[in-house]
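Engineer: quick check, what structure comes out for this input:
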Amino acid sequence: MNSSVITYQKTTMKAIISDLKQLTKVGLSLSVVFSSVAGYLLAVKSINYTTLILLAIGGFFMVGASNAFNQIIEKETDKLMKRTQNRPLPTGRMSVNVALTIAIILTISGIAVLYSINPKTALFGAISIFLYTSVYTPLKPVTPLAVFVGAIPGAIPFMLGWVAATDQFGIEAGFLFMIQFFWQFPHFWSIGWLQYEEYKKAGFYMLPMNTKDKGAVKQIIFYTIVMILVSIAPVLKVSGSFYIHPLTAVIVALLGVFMLYYAIKLYKSEENTDARKLMLSSVLYITIVQIVYVIDKFSH
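Structural biologist: Numbers count the residues shown, from 1 in each chain. Below is the predicted model of the structure:
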């Protein structure tokens with residue numbers, strides 16, 4: 001084999017891997033795995049590494065499948081937006097059949113892997129894929145309420161870890177769910193604000209009442225406050241065996257106030273630069289809060 005053939009094969013392999021990464025949105029999938037691992041660590045007394053690895057793989061497959069289905073459904077609208085027009089499906093680099101096969105394989109293997117942990121974990125995984133694909137995605141061009149539906153599968157990973165560890169869905173898992181549920185509104189709406197013109201081209205309703213104004217930011221501020229309250233509530237011992245120390249509650253509250261600061265700044269300025277800062281601070285918030293919870297738990 002001459003070197004040009006080998007180079008060509010390498011390039012194609014690279015292109016295929018890059019397309020697979022885009023189809024499954026690897027970055028997003030990894031952040032979901034991070035959440036489920038955090039949820040698992042909060043629930044266990046001693047770590048079972050087999051369960052942890054299965055949870056990470058199952059969670060990764062689950063989100064990858066949801067994203068692949070989402071891109072199949074939105075193939076035509078993806079062509080309209082700068083952010084998405086270079087994805088494998090709208091460019092024709094990948095056929096719908098190939099993408100569908102990948103999505104189905106990921107769904108079946110993801111649910112099977114989660115089922116091997118316990119049936120409840122698999123059930124929540126399946127619900128998450130179903131809601132994201134069959135309810136959230138089709139609702140995006142119909143109503144701004146799509147974000148509420150999308151927040152449900154988006155909030156499942158954090159509690160999925162707890163369910164994987166305990167085989168229970170109780171108040172603790174409910175709290176983990178609520179924290180990530182309320183967090184998604186400021187997060188999603190700040191992206192909706194930044195991408196407003198783009199989403200409009202595709203006909204997606206991604207802001208409350210579909211208006212880019214102070215009314216939308218009022219909603220962002222409201223949900224940010226609710227998110228902070230739910231995140232510090234475990235200090236009051238209202239969330240079963242999921243409890244945090246007062247110092248942890250203070251750290252979490254300060255992180256929330258940092259996010260709230262940018263939400264209020266956005267309210268005053270209505271500038272994209274502040275929406276971007278809010279979006280970045282929301283990513284920082286959910287990551288650090290989950291780490292702080294885990295540190296708190298293991299320092300008891």
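Engineer: packing partners of the longest helix anywhere in the chain?
Structural biologist: Taking DSSP state H as the criterion, the chain has its longest helix at helix 272-298. Helix 272-298 sits against helix 26-43, helix 171-194, helix 246-269, with contacts defined as 3 or more CB pairs under 8 Å, 6 or more residues apart in numbering; DSSP states H and E. C-betas here are computed from N, CA, C, even on glycine.
Engineer: I108 is nearest to which of the ones you listed?
Structural biologist: Taking CB to CB as the criterion, I108 comes closest to helix 26-43 out of the helices and strands packed on helix 272-298, the separation being 16.7 Å.
Engineer: and for the closest one, what's in contact with it?
Structural biologist: Applying CB atoms under 8 Å, 6 or more residues apart in numbering, the external contacts of helix 26-43 come out as 47, 51-52, 55-56, 59-60, 62-64, 67, 157-162, 164-166, 172-173, 176, 180, 242, 286-287, 290-291, 293-294, 297-298.
Engineer: now the element after that helix, going C-ward?
Structural biologist: Going down the chain from helix 26-43, the next helix or strand is helix 49-73, by DSSP states H and E.
Engineer: list the buried residues for that following helix?
Structural biologist: Buried residues in helix 49-73, counted by 16 or more other CB atoms under 10 Å: 51-52, 54-73.
Engineer: same check, this time on stretch 195-202
Structural biologist: Buried positions in stretch 195-202, judged by neighbour count with 16+ other CB under 10 Å: Q195, Y196, E198, Y199, K200, A202.
Engineer: now, among the residues you listed, which is nearest to M94?
Structural biologist: Nearest to M94 among these: A202, at 19.7 Å, using CB to CB.
Engineer: what's the angle between the helix or strand hosting V98 and helix 49-73?
Structural biologist: Per DSSP H and E: V98 is located in helix 96-117. Taking axes from the mean of the first three to the mean of the last three CA atoms, to 10 degrees, helix 96-117 and helix 49-73 form an angle of 150 degrees between their directions.
Engineer: give the other helices and strands that helix 96-117 contacts.
Structural biologist: helix 3-24, helix 49-73, helix 119-130, helix 146-166.
Engineer: helices or strands up against the helix or strand bottoming out on mean pLDDT in the chain?
Structural biologist: Comparing every helix and strand of the chain by mean pLDDT, DSSP states H and E singles out helix 3-24 as the least confident one, with a mean of 86. Packed against helix 3-24, as judged by 3+ CB pairs under 8 Å, 6+ apart, are the following elements: helix 49-73, helix 96-117.
Engineer: list the buried residues for it?
Structural biologist: When burial is assessed from 16+ other CB under 10 Å, helix 3-24 yields the following buried residues: D19, L20, Q22, L23, T24.
Engineer: which one of the residues you listed is nearest to T7?
Structural biologist: Taking CB to CB as the measure, D19 is the one of the buried residues of helix 3-24 closest to T7, at 18.7 Å.
Engineer: for the closest one, give its distance to G64.
Structural biologist: In this structure, D19 and G64 are 13 Å apart, going by CB to CB, to the nearest Å.
Engineer: ok, back up a step: which of the helices and strands packed on helix 96-117 has the lowest mean pLDDT?
Structural biologist: Ranked by mean pLDDT, these bottom out at helix 3-24, with a mean of 86.
Engineer: alright, I will stop here.
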